[in-house]
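Student: Need coordinates for the below:
(2 chains)
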There are 2 protein chains.
Amino acid sequence: MKKVLILMELNAAQRERLEAAGAGAELSFSRPDRVTEKEIQEANVIIGLPKAEMIKASENLELLQLESAGTDAYIAHGVLSEKTLLTNATGAYSQAVAEHALALTLMLQKKLHLYRDEQRAARWKDRGTVSSLRGAIVAVVGLGDIGGYYARLVKALGAYVIGVKRRPGPCPEYAHELMLTEQLDQVLPRADVIMSVLPNTAATRYIYTLDSFRLMKDSAIFINCGRGNAVSAGTLYEALSQGMIAAAGIDVAETEPLPEDSPLWALENLVITPHVSGSHHLPETVERIVDICAGNLSAYLSGGKLKNIVDFATGYGK
Amino acid sequence: MKKVLILMELNAAQRERLEAAGAGAELSFSRPDRVTEKEIQEANVIIGLPKAEMIKASENLELLQLESAGTDAYIAHGVLSEKTLLTNATGAYSQAVAEHALALTLMLQKKLHLYRDEQRAARWKDRGTVSSLRGAIVAVVGLGDIGGYYARLVKALGAYVIGVKRRPGPCPEYAHELMLTEQLDQVLPRADVIMSVLPNTAATRYIYTLDSFRLMKDSAIFINCGRGNAVSAGTLYEALSQGMIAAAGIDVAETEPLPEDSPLWALENLVITPHVSGSHHLPETVERIVDICAGNLSAYLSGGKLKNIVDFATGYGK
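Tutor: Next comes the predicted model:
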């Protein structure tokens, strides 16, 4: 009988759904900070986010189902054996992250960050012109679940969407135009909003250089809800403090937590949120994670087809 | 030949559009702070926002076309003679105000105001759960152009919309349900978001009492982009400081500018913007105002039908 170890925080209904999906296996529940070495070593299936160092020597682990979309800690060499299947929770976070990115976009367009600052000083002060998503050109860089979800939202609000992705293909119905990542320099000068949601790979590391920001409109808004190392802290600081673009909103930073002495904190035209868009703060997110985990557990035990299998070479979907 | 006095700030193209619309009349251009008593007295048509005290004795004024949606200063007794037609720019502001209200809604749902505060203290701090417009019940109180526009936006983002208006009628296509203002107390307990965009009339003055806020969910978000006196400063302070609702966003205040010593400024769960949503900060707004003014000027001179005629009894459209 397969041993399934579940390391997620769940309510009663969610736990029941996993128990139903795991019928016929031996299920046990624990938490990453309480689970023992022995429990990890004996498990054939782990669901959740075990500490990477604890699973390194695991001989019995056949499936690791992550509750995150990010896979960085687990695709590193020597963490998982070759026979272990790694699946993630891609898709579960798309609504939460896309909505967070939209909220950042509108906040910056309507200058609500500046009005919050004025409010803190008890000042009733007009901060001038604003912009709109209606008729705006929005470049969505990274067209996974999150990018697609965000594209649908801004399109519904009247934006013209340029999708940017690695591989050629048909233009998805949520975009007006499809461009390739290698054509990014042609896209940047046209965009009023650049929403970046790239994963952490060798190809996307520091993809936005100072030259990228020089190519953007000085009225452009840049949003990063992907991985922090798509742009270095120094580059972002230069671009914003020199007014190469109008404003930026980031939920991720090159170093997290962003160091207390980072000059980024004080920039008026930058809004920083502490990598919370992809947390479990939206009830729908947890429900969708449980959907994926239950579906994959059931498929695994019955010899069915699993979703969200991670490619170790790229860190995302095969 | 009719004398038309235009008191708006216009670019060359906009000026040309008004000149074309006023062909056959005698057009002159000035500004409210520079125009003379004599120019006002001689004008048959004024377009813009003249000082109310200057037009009081005007015998020749046949049409006053405002560039604002608000009419408060002009419907007061004794400002305009009975023979003067008053038209406003209702509709021109709907996109700007509705988008501002949407930005406030999302900012509060995603706690971006709290993250801005944390940023100012250089703190990378998680502020917990958020909410979504998807599946949320949004009550739009006041279904004029702005309310209708906002309803379309939130509906496109997945909200369930309850429209609330004075008079019975068919449910508009942008709402899922239509309720009457007199049924407001039945609507408030159901709503996750209450977006109020009521004009300033005797019936809407202080329409939201402390009991109204007690009826709302403690997780509710209240937005006011209508007139400030729909809720008193004291009531709003009580409701927010006692946690009767989660948060509020206001672009209008009972007294404007909001006094520097108002306790409202310091409320963490209130976002204040200084009556800017209906300004000319969005280029589209000015274009749409010129549309209305040119259309009405042309209609007036040719004996056609005017739009946006103001009812002096209510202060808004007949």
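Student: got the buried residues for the lowest-mean-pLDDT helix or strand in chain A?
Tutor: The weakest-scoring helix or strand in chain A, judged by mean pLDDT, DSSP states H and E, is helix A:72-75 (a mean of 88). With burial defined by 16 or more other C-beta atoms under 10 Å in any protein chain shown, the residues of helix A:72-75 counted as buried are A:Tyr74, A:Ile75. From N, CA and C alone the C-beta is placed, and that goes for glycine too.
Student: Contacts for that helix, please.
Tutor: A:Ala52, A:Ile55, A:Leu64, A:Leu66, A:Val79, A:Leu80, A:Leu86, A:Asn200, A:Val310, A:Phe312, A:Gly315 (C-beta atoms under 8 Å, 6 or more residues apart in numbering or on different chains).
Student: Where strands are concerned, which of those residues count?
Tutor: Residues of the contacts of helix A:72-75 located in strands (DSSP state E): A:Leu64, A:Leu86.
Student: And the residue nearest the centre of chain A, how far from chain B?
Tutor: Centroid-nearest residue in chain A: A:Gly226, 4.7 Å away (criterion: C-alpha atoms, centre = their mean). In this view, A:Gly226 and chain B are 17 Å apart by C-beta to the nearest C-beta, to the nearest Å.
Student: quick revisit: looking at the contacts of helix A:72-75, which one is closest to B:Leu258?
Tutor: A:Asn200 (44.9 Å; C-beta to C-beta).
Student: Pull the number of nearby residues for that closest one.
Tutor: A:Asn200: 18 surrounding residues under other C-beta atoms under 10 Å in any protein chain shown.
Student: quick one, phi psi at it?
Tutor: phi -90, psi 100 (degrees, to the nearest 10).
Student: And A:Val45, by the same measure?
Tutor: Backbone phi and psi, for A:Val45 under degrees, to the nearest 10, turn out to be phi -130, psi 130.
Student: so it makes contact with A:Leu297?
Tutor: Yes: A:Val45 is within contact range of A:Leu297, at 6.7 Å (criterion: C-beta atoms under 8 Å).
Student: ok but A:Gln178 is inside a helix, no?
Tutor: Quick fix: residue A:178 is Leu, not Gln. No: A:Leu178: not assigned to a helix; according to DSSP: H, G, I helix; E, B strand; the rest coil it is strand.
Student: Run through the helices of the stretch 51-200 of chain A in chain order.
Tutor: Ranges of helices within the stretch 51-200 of chain A are A:52-55, A:72-75, A:94-109, A:112-120, A:145-156, A:184-187, based on DSSP state H, counting those that start in this stretch.
Student: Packed most tightly, which of the ones you listed would that be?
Tutor: Counting by mean count of other C-beta atoms under 10 Å in any protein chain shown, helix A:94-109 has the highest mean neighbour count of those, with a mean of 26.
Student: by how many degrees do that one and helix B:112-120 diverge?
Tutor: 70 degrees (axes from the mean of the first three to the mean of the last three C-alpha atoms, to 10 degrees).
Student: name the helices or strands packed onto helix A:94-109?
Tutor: helix A:145-156, strand A:193-196, strand A:221-224, strand A:247-250, strand A:270-272, helix A:283-301, helix B:94-109, helix B:112-120 (3 or more C-beta pairs under 8 Å, 6 or more residues apart in numbering or on different chains; DSSP states H and E).
Student: do you know which of these lies nearest A:Gln14?
Tutor: helix A:283-301 (4.7 Å).
Student: How is chain A divided into domains?
Tutor: A:3-92+A:282-301, A:94-272 (automatic domain parsing).
Student: least reliable of those going by mean pLDDT?
Tutor: Lowest mean pLDDT within the domains of chain A: domain A:3-92+A:282-301, a mean of 93.
Student: Of all residues in the stretch 201-318 of chain A, which one is closest to chain B?
Tutor: A:Pro257 (3.6 Å; C-beta to the nearest C-beta).
Student: Contact partners for that residue?
Tutor: Contacts of A:Pro257 (C-beta under 8 Å, 6+ apart): A:Pro274, B:Trp124.
Student: Next: the one 3 residues further on.
Tutor: Applying C-beta under 8 Å, 6+ apart, one finds that A:Glu260 lies in contact with B:Ala122.
Student: Quickly note the distance from it to A:Glu238.
Tutor: 21 Å (C-beta to C-beta, to the nearest Å).
Student: circling back: would you mind finding the most buried of the domains of chain A?
Tutor: domain A:94-272 (a mean of 20).
Student: Any idea how far that one is from the middle of the chain?
Tutor: Chain-centre distance of domain A:94-272: 13 Å, with C-alpha atoms, centre = their mean, to the nearest Å.
Student: May I have the distance across it, first residue to last?
Tutor: Start-to-end span of domain A:94-272 (C-alpha to C-alpha, to the nearest Å) is 20 Å.
Student: Equivalent analysis for stretch A:191-205, please.
Tutor: 21 Å.
Student: Switch the contacts of helix A:72-75 over to a markdown table; also include distance to A:Gly128.
Tutor: Compiled in a markdown table, the contacts of helix A:72-75 are given as follows (distance: C-beta to C-beta, whole Å):
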| residue | distance to A:Gly128 |
| --- | --- |
| A:Ala52 | 49 |
| A:Ile55 | 54 |
| A:Leu64 | 52 |
| A:Leu66 | 45 |
| A:Val79 | 52 |
| A:Leu80 | 53 |
| A:Leu86 | 50 |
| A:Asn200 | 37 |
| A:Val310 | 47 |
| A:Phe312 | 50 |
| A:Gly315 | 43 |
